[in-house]
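Asker: next one to model:
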Amino acid sequence: MRDLGVLLDEELTMNQHISKTACVAFYHIRRLKKVRSILGAEITAGLVSAFILSRLDYCNAVLATIAPLLRVQNAAARLIKDLRPRDHVTPALRDLHWLLIRHRIT
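Answerer: Numbers count the residues shown, from 1 in each chain. Modelled structure (predicted):
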């Protein structure tokens, strides 16, 4: 069932919504990575905010399993700051003034 742009399954786990959100976000990250050198960091940051972070913020208060969204946020920060996959991302998140997505303990 789709209500207000959120996919709900029978058990209300929202796994389908989380998976789709992460998939779309990683698609945009891959596309932006190809043109990052042309755009520069500031324009890339604006596009990441428009295409990726806005999707992470939408209805995130009701998400229980957010590990895929955490990976999206980290990948977006690495794209903007031009970090390697093994570089620590927390300083980049702080520098970008992004709220950290944390795992919920259930």
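Asker: just the mean pLDDT for stretch 25-37, thanks.
Answerer: When pLDDT is averaged along stretch 25-37, the result is 91.
Asker: same question, stretch 51-59
Answerer: This predicted structure assigns stretch 51-59 an average pLDDT of 73.
Asker: what does stretch 96-106 give?
Answerer: In this model, stretch 96-106 has an average pLDDT of 64.
Asker: identify the residue nearest Ala25 in space, chain neighbours excluded?
Answerer: Computed as C-beta to C-beta, 6 or more residues apart in numbering, the closest residue to Ala25 that is not its neighbour in sequence is Val72, at 4.2 Å. Every residue, glycine included, has its C-beta placed from N, CA and C.
Asker: next, the contact list for the spatially closest residue to Val48 that is not a sequence neighbour, please.
Answerer: In this structure, Val48 finds its nearest non-sequential neighbour in Ala76, 4.8 Å apart by C-beta to C-beta, 6+ apart. By C-beta atoms under 8 Å, 6 or more residues apart in numbering, Ala76 lies in contact with Ala25, Ile29, Val48, Ile52, Leu53.
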